[in-house]
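> Kindly generate the corresponding structure for this input.
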Amino acid sequence: MCMMIRTITLVVLALPVLFALSAVFGRALLIAPAILLVALYSWVWLRFRPTQFVVHQDVLEVIWPLKRRRISRDSISVVRIVNGRDLKPQAGWAVRVGAGGLWGGFGWLWTQRRGIVQMYISRINGLVWIDLTAGRPWLISPERPEEFVQALSSSQS
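Have a look, this model is predicted:
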């Protein structure tokens, strides 16, 4: 995670703790929001935040704790590294639809020029843009973007 997303995550993670402590010290109504936040955070962790992007010979596998997605290597037309500043000229204005702020941004990114993009990022630089021959493009933040792009590009040959 980049420092900005790490800071947002720490602040957001403190909310259910603060609500629970407030409930213990006299504001019992705050226990319900604390429980709701813990449930939402668990859902984001288990279903929205990928844990791995794995390049295999014939597929790119995206792994979440409760699901997996396999993208055929044949359906990937372009893979490249982009930075936050490079995105605006390429995609135009953008709006996130999904989970954001807690461990990163996950879900859809509606963009002015490219339409809906699948987005799974935990930092604002060193992002990887993947264009597919059919389907929505992907914007992800693998741990080592240069090595990831190299592995994905070399396995296309």
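
> so where's the longest helix in the chain?
Of all the elements of type helix in the chain, the one with the most residues (DSSP state H) is helix 3-24.

> Which strands and helices lie in contact with that one?
Based on contacts counted as 3 or more Cβ pairs under 8 Å, 6 or more residues apart in numbering; DSSP states H and E, the elements that helix 3-24 packs against are helix 31-43. Any C-beta I mention is one placed from the backbone N, CA and C, and that applies to glycine too.

> The helix it packs on packs against which elements?
Packed against helix 31-43, as judged by 3+ Cβ pairs under 8 Å, 6+ apart, are the following elements: helix 3-24.

> what does stretch 121-138 contact?
1-2, 4-5, 49, 60, 71, 74-84, 87, 90, 103-106, 114-120, 139-142, 145, 148-149, 152 (Cβ atoms under 8 Å, 6 or more residues apart in numbering).

> right, and L30 touches P16 too?
No: at 9.6 Å, L30 does not count as touching P16 under the criterion of Cβ atoms under 8 Å.

> Please identify every residue contacting each of these two.
Common contact partners of L30 and P16 (Cβ under 8 Å, 6+ apart): none.

> how near is G92 to R114?
8 Å (Cβ to Cβ, to the nearest Å).

> actually N125, sorry about that
In this structure, N125 and R114 are separated by 19 Å, where distance is defined by Cβ to Cβ.

> same check, this time on V95
12 Å.

> Please identify which of those two sits among more neighbours.
When V95 and R114 are compared on other Cβ atoms under 10 Å, the one with more neighbours turns out to be R114, at 18 against 9.

> Provide a list of residues in contact with the more buried one.
With contacts defined as Cβ under 8 Å, 6+ apart, the neighbours of R114 are Q90, A91, G92, P137.
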